[in-house]
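Peer 1: Have a look at this prediction, sequence included:
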Amino acid sequence: MRNTPAVAGLLVLAVAFVILALLYALGTISWTANPVDAHHYKHAAALLILAVLCGVAANFARNRPAAG
């Protein structure tokens, strides 16, 4: 159970990235994008990729039972 905080942190980060991706795609936020464009699909796609990478990292960080 030593990696539980790391797994939880990575999953929380993945959820935050998904929420930010949705907000960028809907045009609700535009902190790092051109304010003229209404929807920022490239930023949303990048955040979704980061969310998937956090999920993969959480999978690698979790404790697994010994094989055999």
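Peer 2: Everything's here; your move.
Peer 1: where does the chain dip in pLDDT?
Peer 2: 1-2, 30-38, 68 (pLDDT under 70).
Peer 1: The spatially most central residue of it: which element?
Peer 2: Centroid-nearest residue in the chain: residue 51, 2.3 Å away (criterion: CA atoms, centre = their mean). Taking DSSP states H and E as the definition, residue 51 sits inside helix 41-61.
Peer 1: got the buried residues for that helix?
Peer 2: Buried residues in helix 41-61, counted by 16 or more other CB atoms under 10 Å: 43, 44, 47, 48, 50, 51, 54, 55, 57, 58, 61. In this view, the C-beta of every residue, glycine as well, is placed from N, C-alpha and C.
Peer 1: packing partners for the helix or strand hosting residue 7?
Peer 2: Following DSSP H and E, one finds residue 7 within helix 4-26. Packing contacts for helix 4-26, counted by 3 or more CB pairs under 8 Å, 6 or more residues apart in numbering; DSSP states H and E, involve helix 41-61.
Peer 1: thinking again about what came up before, now the buried residues of helix 41-61 in CSV, with distance to residue 24?
Peer 2: Shown next, in CSV, are those (distance: CB to CB, whole Å):
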residue, distance to residue 24
43, 4
44, 4
47, 7
48, 10
50, 12
51, 12
54, 17
55, 19
57, 22
58, 22
61, 27
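Peer 1: Now the residue lying closest to residue 39 once chain neighbours are set aside: phi and psi?
Peer 2: Nearest in space to residue 39, with sequence neighbours left out and distances taken as CB to CB, 6 or more residues apart in numbering, is residue 27 at 4.7 Å. Main-chain torsions, residue 27, degrees, to the nearest 10: phi 80, psi 10.
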